[in-house]
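1. Model the following, please.
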Amino acid sequence: LLTTPTAIMPAKSCAACHKAGANVGALDKHWHKECLACLDCKKPVLGQAFYEVDGFPQCEACADAAAAKAKGPAPNCKTCGKPLSGTFVRAFGFAFHESCMKCAVCNKPLKDDGFYDDDTDKVLHLMCLGDL
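-> Alright, predicted model coming up:
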């Protein structure tokens, strides 16, 4: 959930350093201006949009980096085995470079007429199945 600090509040104990005098309200807590910082990079987030992670702010850059890391490395192409990046095709439970989405028999591009053959572990046109 992307959020922003809500308001200047009466001074209370800071959610980050636990010292008195915190007067910025965010995430239903009180913070010193300098203590309202990203959980990961520690950069101040006052005046910026941020995400909440376990009750603490996380800046957009760190949230994006965490999301990318959680996804793990890009999958490899089913045809050539090389890592995928940018635009790629998902079909038959696999991922392919667009240029690699070809019939294993005739080497022509697969459109809506392709299928995956479990027995041969190949992607091909239905009409090419007999030519394997």
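
2. what mean pLDDT does stretch 36-50 have?
-> Stretch 36-50 comes out with an average pLDDT of 90.

3. If we go by neighbour counts, what in it is buried?
-> L36, A37, C38, L39, D40, V45, L46, F50 (16 or more other C-beta atoms under 10 Å). Where C-beta positions appear, they are placed from N, C-alpha and C, glycine not excepted.

4. Could you tell me the end-to-end distance of it?
-> With C-alpha to C-alpha, to the nearest Å as the measure, stretch 36-50 spans 11 Å from end to end.

5. Then stretch 40-53?
-> 10 Å.

6. what do you get for stretch 23-31?
-> End to end - C-alpha to C-alpha - stretch 23-31 spans 6 Å.

7. Check stretch 87-105 too.
-> 24 Å.

8. what comes up buried for that stretch?
-> For stretch 87-105, by 16+ other C-beta under 10 Å, it's F88, V89, A95, F96, H97, C100, M101, K102, C103, A104, V105.

9. Then stretch 12-25?
-> C14, A15, A16, A22, V24, G25.

10. Quickly list what the fifth one is bridged to.
-> Under DSSP bridges, the beta-bridge partners of V24 are I8, W31.

11. From N107, how far out is it?
-> For V24, the distance to N107 equals 63 Å [C-beta to C-beta, to the nearest Å].

12. How about H97?
-> Taken as C-beta to C-beta, the span from H97 to N107 is 14 Å.

13. sorry, back to before: turn the buried residues of stretch 12-25 into TSV, columns for pLDDT.
-> As requested, the buried residues of stretch 12-25 are exported to TSV (pLDDT from 0 to 100):
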residue	pLDDT
C14	92
A15	92
A16	92
A22	88
V24	88
G25	87
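
14. would you list the residues you listed in a markdown table and tack on distance to L84?
-> Converted to a markdown table, the buried residues of stretch 12-25 look like this (distance: C-beta to C-beta, whole Å):
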| residue | distance to L84 |
| --- | --- |
| C14 | 45 |
| A15 | 42 |
| A16 | 40 |
| A22 | 47 |
| V24 | 44 |
| G25 | 44 |
